[in-house]
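Asks: below are the sequence and a predicted model for it; my questions follow.
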Amino acid sequence: MSVEERVALVTGGSRGVGEGVAVGLGEAGWTVVVSGRNTERLDRTVARVEEAGGRGQAVVCDHSDDLQVEVLVRRVEEEHGRLDLLVNNAWAGPSDMNHEQPEPFWERPLSDWDSLIGIGLRAHYVASRAAAPAMVARGSGLIVNVSSVGTRAYLHSALYGISKAGLDKMTHDTALELREHGVTVLSLWPGLIRTERLLASGRETVFGVSINDTETPELQGRVIAALAADPDVHRRTGQVVISAEAAVEYAIAEPGGGTPVSPRKMFGGGPVFPPLP
């Protein structure tokens, strides 16, 4: 099957990492469906996907609503006849939290759980559960959960780390159950992302990392496209893939050139989970 016939769903595709993933897949010629709540931003992502050489579609979805997530996945399968790649990226965090110097967890409201776990973890589970039956029936498919070095290093807040550790465990265990059906599940760890807001801040470092060592959102899409094109990707199932290291492995450069720097130094190295038994 040619890449032009392959279909990806990128949740939370209206900005940031999700937008970059969609554009990177568009560069590789994918049909990319992006979901989120902001119609204008989704349309901007679709335009960028098509400018990059892919085909785009925007679907409005509130990822805090399980039914809307399930309907979204079914819609993609019905309208396109298949879903080859699901990128779980939808995320929400408390708007009042100082993500670099947050209050300790006992001073934060319990409602933090609703965004960080209810969307950042639950919505990924719901989408994976909805996508799995058709992938199992076809005997192929790739699910990528956009996780974080926050699984191992302290970033943003205690609850942020809990949500990402849960996501990586979900990757490991769902991969174990899907492995014999030919479906691959991976966690992706981007480095710190070079967002427009970060660049506009004028800062030289963030979480102790030089701005020069941050990554673009588009790099994440290029890495996922390379993983999806790798005929041996199933050997990785259940594991964490660090974007910067995969970029070196697949000889992928940042837009404009440059080699990304692995964030392993932020957590001291070592795997999260061993390979599946």
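Replies: That came in fine, so what should we check first?
Asks: CA only for contacts and neighbour counts going forward, please
Replies: Noted.
Asks: and the helices in this structure?
Replies: With helices called from DSSP state H, the chain shows them at 16-27, 39-52, 66-80, 112-116, 122-138, 158-178, 196-200, 217-229, 243-249.
Asks: Leu276 is nearest to which of those?
Replies: Nearest to Leu276, of all these, is helix 158-178, at 6.8 Å by C-alpha to C-alpha.
Asks: which residues touch that closest one?
Replies: 104-105, 112-113, 116-117, 120-121, 125, 136, 145, 147-148, 150-155, 183-187, 237-240, 272-273, 276 (C-alpha atoms under 8 Å, 6 or more residues apart in numbering).
Asks: quick one: mean pLDDT over that helix.
Replies: Averaged across helix 158-178, pLDDT comes to 96.
Asks: please report the separation between the first and final residues of stretch 229-238.
Replies: End-to-end distance of stretch 229-238: 18 Å, with C-alpha to C-alpha, to the nearest Å as the criterion.
Asks: give me the most central residue, the protein.
Replies: Val146 (2.7 Å; C-alpha atoms, centre = their mean).
Asks: beta partners of it?
Replies: As for beta bridges, Val146 partners with Leu188 under DSSP bridges.
Asks: okay but it is in contact with Asn89, surely?
Replies: Yes. Here Val146 reaches Asn89: they are 5.3 Å apart, a contact under C-alpha atoms under 8 Å.
Asks: how about stretch 104-114 as PDB, C-alpha atoms only?
Replies: Extracted in PDB, the C-alpha atoms of stretch 104-114 (Å, rounded to 0.1, in the frame of the first residue of the first chain):
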ATOM      1  CA  PRO A 104       3.100  21.400  46.000                       C
ATOM      2  CA  PHE A 105       0.400  18.800  45.300                       C
ATOM      3  CA  TRP A 106      -1.300  19.200  48.700                       C
ATOM      4  CA  GLU A 107      -1.900  22.900  47.900                       C
ATOM      5  CA  ARG A 108      -3.400  22.200  44.500                       C
ATOM      6  CA  PRO A 109      -7.200  21.600  43.900                       C
ATOM      7  CA  LEU A 110      -8.400  18.100  43.300                       C
ATOM      8  CA  SER A 111      -9.800  19.300  40.000                       C
ATOM      9  CA  ASP A 112      -6.300  19.100  38.600                       C
ATOM     10  CA  TRP A 113      -7.000  15.400  38.300                       C
ATOM     11  CA  ASP A 114      -9.800  16.000  35.800                       C
END
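Asks: what about stretch 49-62, distance to the chain center?
Replies: Mean C-alpha position of stretch 49-62 versus that of the full chain (C-alpha atoms, centre = their mean, to the nearest Å) differs by 16 Å.
Asks: try stretch 115-123
Replies: Per C-alpha atoms, centre = their mean, the centroid offset for stretch 115-123 relative to its chain is 13 Å.
Asks: now stretch 214-221
Replies: Worked out by C-alpha atoms, centre = their mean, stretch 214-221 lies 11 Å from the chain centre.
Asks: filter the contacts of helix 158-178 to the buried ones?
Replies: The neighbour count (16 or more other C-alpha atoms under 10 Å) marks 112-113, 116-117, 120-121, 125, 136, 145, 147-148, 150-152, 155, 183-187, 237-240 as buried among these.
Asks: which residues of the stretch 1-150 of the chain score low on pLDDT?
Replies: Scanning the stretch 1-150 of the chain for pLDDT under 70 picks out 1-4, 97-100.
Asks: and if we set it to 50?
Replies: 1 (pLDDT under 50).
Asks: rewinding a little: now do the same contact list for the residue nearest to the centre of the chain.
Replies: Val146 touches 87-89, 187-190, counting by C-alpha under 8 Å, 6+ apart.
Asks: of those, closest to Ala28?
Replies: Distances from Ala28 to the contacts of Val146, taken by C-alpha to C-alpha, are shortest for Val87, at 15.3 Å.
Asks: does that closest one touch Ser147 like I think?
Replies: No. The pair Val87 / Ser147 is not scored as a contact, 10.8 Å apart, by C-alpha under 8 Å.
Asks: isn't Val136 right up against His181?
Replies: Yes. With contact defined as C-alpha under 8 Å, Val136 reaches His181; the gap is 5.5 Å.
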